[in-house]
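Trainee: Build the 3D model from these lines:
(2 chains)
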Amino acid sequence: MIQYSIRRILASFPVLLGILIATFVLARLIPGDPCKAILGEKATQEVCAQFAERYGLNKPIYVQLGIYMGNVLRGDFGTSIRFSRPVTTILVERLPTTVELGLAAMTIALLVGIPAGIISAIKRNSILDVVTMVGANIGVSMPVYWLGLMLAYLFALVLKDTPFWLPPSGRLSPGVTVVPFFQVFGWPVPEAGFWRGILDFIARLYLFNSLITGNWTVFKDALTHLILPALALSTIPMSIIARMTRSSMLEVLRLDYIRTARAKGLIERLVILKHALRNALLPIVTVVGIQVGNLFAGAVLTETIFGLAGVGSILFEAITARDFPIIQAFTVVIAIGYVIINLLVDLSYVFIDPRIRLE
Amino acid sequence: MTSASAPISVRAVRDYRANSLWRLTLRRIFRQRPAIIGMTLLGILVFCAVFAPVIAPYDPEAVLIGVENVRRREPPCIHLLGCPKDRPQHLMGIDGNVRDVFSRIIFGARISLFIGISTVSFAILVGTILGAISGYVGGWVDLVIMRILDVLLAFPSLLLAIAIVTVLGRGLQNALLAIAIVSIPVYARVVRASVLSVKENAYVLASRALGGSHFHVLLRRILPNAIPPLIVQGTLGIGTAILDAAALSFLGLGAQPPTPEWGTMLGTERNQVFTAPHLVFFPGLAIMITVLSFNLLGDGLRDAIDPRLKQG
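Mentor: This next block holds a predicted model:
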């Protein structure tokens, strides 16, 4: 197991290296002069020369790449050209929104998708099965941003003045403030640095922060703001998980050991959940891993629609403003997250199916 | 024996013809309900695209100020549903620039079908070449090509497409290229897998022994095996390509106004969702129906062509 994990982790290094180089090259390929994009078309040559000196843009490209790689390994992503602030600080501010949105969407997708797939498989060809699969087919074909807008219209306007009303944008209502958990608990925390960054990151996961500090007003407010974007973002993974669960369960349910389990008088619930589902899990876990990556892409659209200040929306802004450091940092973080998720998926195979360990 | 052989052989030929691989596949396709629904929807879309100038009551880019008594962002007016007869009929309402939304949706079918088919054809072409070389040559060539494709796959496709469009510049043509580039790895992998699975088979070695060139063996003996999975993957890929292209246009990176592209239509009017929901509803519905038709057809084709991959 340990050997397998180490081999698998080592194998992901070349891909990570490739991602670093690819993002660096891609960011440099974006046409236009960042100096003029930031300081305006009227920026003089001297000002631009100073600008290039300050951000190291006047050095040969391979030197820039070398410096960049060294800095990234130290966790330093440089300073945003547009906002003149360290990229790591912006990451700490923005990433929690996207993480919370992604986790909420994935939770909805799993909680609805897996049971829907199981029921569909057990009641094959029933009206329930047909409805679920038609729903899943529509779900994968729907543009996320369209669904988001339609949900906002329905819940914020049509259902206005009903208990089902939900806010169409933002992360918290105006006037609602979040007190970081470390302040509530009176922890002595450093002013800046790595650990402060980690604590800030956790405190900005509003749902988690308000949950552990017991601030129910903030919790309820953050939750109502999160429901619509998470629902919109969850449809595609939910549909794909439901379809995969159904087909994987159908495959397993016709095997001999299921018949044996039933023949020896085991109750149906145990047959389904313990014997069938566990063996059907492998392909389901694989698609869940793939869908995590797609959640990030979906986040760009969902965050734009719902006015959420997350990674997706800033990445889009940074691309249009040619803010190299932000583009590089955020793409690298997203891609690394994707690689780590796939690594975890691969490692989870060993727990789900112990036979893989032997190979 | 000899007298009976003639009728039997005729029947055998007929049976063989009736059961040839393509006919069997076709028959299986027509037994798949999703495939039939997908083909029907697609048929309607193709009809709309081909006969758009006949079906659409207005020019998709014509501004109706001074032509008719209509206001900006007017909701749909359908005479059958009780809209006064003296008002001009607009099935899907009027947009922010006082144009007929229904006509724009109908013409949009042309653009969306073109987007889907052109990007996927390009991606299949390049993907097939890369996958075939990778699988057939093997060794370090395989390693290099596959690692580069792995890096491409490590990025969520829409994000990569956004980045590529930023490099190439906004516009429909560049958006198409970006989406095509992003989808190359999938087809390259499909072709590589097919090549690897048959490369060492006796009939391939025999073809080599008979003096067939590498090119001949690859093109005539090996690649035909990749056609069925490519058809399935390609059909499903068209849906994804249309969805991604619409998303790029929605973000303002793809087709530019006044092009009647559904994603652009949605993007330009998205802030009006509370005041004029019809401007958001109809383009989105059109995208969904188009993507759905390709997905249903793709699912049906997969079940018919390769029952082992059946989704149940």
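Trainee: Show me which residues of the stretch 151-300 of chain A sit near chain B.
Mentor: A:152-153, A:156-157, A:243, A:246-247, A:250-251, A:293-294, A:296-298, A:300 (Cβ under 8 Å from any Cβ of the partner chain). C-beta here means a position set from N, CA and C on the backbone, and glycine is covered the same way.
Trainee: which residue is nearest the middle of chain B?
Mentor: The centre of chain B sits closest to B:I238, judged by Cα atoms, centre = their mean, with a distance of 2.0 Å.
Trainee: Which residue is the nearest non-sequential neighbour of that one?
Mentor: B:G116 (3.8 Å; Cβ to Cβ, 6 or more residues apart in numbering or on different chains).
Trainee: Against B:N271, how distant is that neighbour?
Mentor: Remark: distance between B:G116 and B:N271 (Cβ to Cβ, to the nearest Å) = 28 Å.
Trainee: Between those two, which is the more surrounded one?
Mentor: Ranked by neighbour count (other Cβ atoms under 10 Å in any protein chain shown), B:G116 and B:N271 place B:G116 first, with 26 against 12.
Trainee: which parts of the host helix or strand of that one are buried?
Mentor: Element membership for B:G116 (DSSP states H and E) is helix B:101-137. For helix B:101-137, burial by neighbour count (16 or more other Cβ atoms under 10 Å in any protein chain shown) applies to B:101-113, B:115-116, B:118-120, B:122-124, B:126-128, B:130-136.
Trainee: which helices and strands does it pack with?
Mentor: For helix B:101-137, the packing partners by 3 or more Cβ pairs under 8 Å, 6 or more residues apart in numbering or on different chains; DSSP states H and E come out as helix B:33-50, helix B:52-55, helix B:139-154, helix B:172-198, helix B:227-250, helix B:262-268, helix B:278-305.
Trainee: What mean pLDDT does the last one get?
Mentor: Okay, so that is helix B:278-305. When pLDDT is averaged over helix B:278-305, the result is 92.
Trainee: tell me the angle that helix makes with helix B:101-137.
Mentor: Relative orientation of helix B:278-305 versus helix B:101-137 (axes from the mean of the first three to the mean of the last three Cα atoms, to 10 degrees): 40 degrees.
Trainee: Give me the helices and strands touching helix B:278-305, please.
Mentor: helix A:127-141, helix A:144-152, helix B:21-31, helix B:33-50, helix B:101-137, helix B:227-250, helix B:262-268.
Trainee: looking at the helices and strands packed on helix B:101-137, which has the lowest confidence?
Mentor: helix B:139-154 (a mean of 86).
Trainee: List the contacts of whichever residue of chain A sits closest to chain B.
Mentor: Residue of chain A nearest chain B, by Cβ to the nearest Cβ: A:W146 (3.2 Å). A:W146 makes contact with B:266, B:280, B:283-284, B:287-288 under the criterion Cβ atoms under 8 Å, 6 or more residues apart in numbering or on different chains.
Trainee: 10 Å instead, please
Mentor: A:232, A:301, A:305, B:246-247, B:250, B:262-263, B:266, B:270, B:273, B:280-281, B:283-288 (Cβ atoms under 10 Å, 6 or more residues apart in numbering or on different chains).
Trainee: how much space between the residue nearest to A:L65 when sequence neighbours are not counted and A:P229?
Mentor: Excluding its sequence neighbours, the residue lying closest to A:L65 (Cβ to Cβ, 6+ apart) is A:F24, at 5.6 Å. According to Cβ to Cβ, A:F24 stands 31 Å off from A:P229.
Trainee: Among the helices and strands packed on helix B:278-305, single out whichever gets nearest to B:L168.
Mentor: Closest to B:L168 of these is helix B:227-250 (Cβ to Cβ; 11.4 Å).
Trainee: Identify each buried residue in the closest one, please.
Mentor: B:228-250.
Trainee: other SSEs contacting the longest helix along chain A?
Mentor: Looking across chain A with DSSP state H, the single longest helix is helix A:216-253. Secondary-structure packing of helix A:216-253 (3 or more Cβ pairs under 10 Å, 6 or more residues apart in numbering or on different chains; DSSP states H and E): helix A:87-122, helix A:127-141, helix A:144-152, helix A:206-213, helix A:278-305.
Trainee: between it and helix A:87-122, how big is the angle?
Mentor: Using the same axes, to 10 degrees: helix A:216-253 against helix A:87-122 is 50 degrees.
Trainee: hmm, who's touching whichever helix or strand comes after helix A:216-253?
Mentor: Next in sequence after helix A:216-253, counting helices and strands by DSSP H and E, comes helix A:256-263. Helix A:256-263 is contacted by residues A:252-253, A:255, A:266-268, A:270-272, A:274-276, A:279 when judged by Cβ under 10 Å, 6+ apart.
Trainee: Tell me the most packed of those, by neighbour count.
Mentor: When the contacts of helix A:256-263 are compared by neighbour count (other Cβ under 10 Å), A:A276 ends up highest, at 24 neighbours.
Trainee: Count residues in the vicinity of residue 263, would you?
Mentor: Using chain A here. Applying other Cβ under 10 Å, we find 9 other residues in the vicinity of A:A263.
Trainee: if you could check chain B rather than the one you did, that'd help
Mentor: The number of residues packed near B:G263 is 32, by other Cβ under 10 Å.
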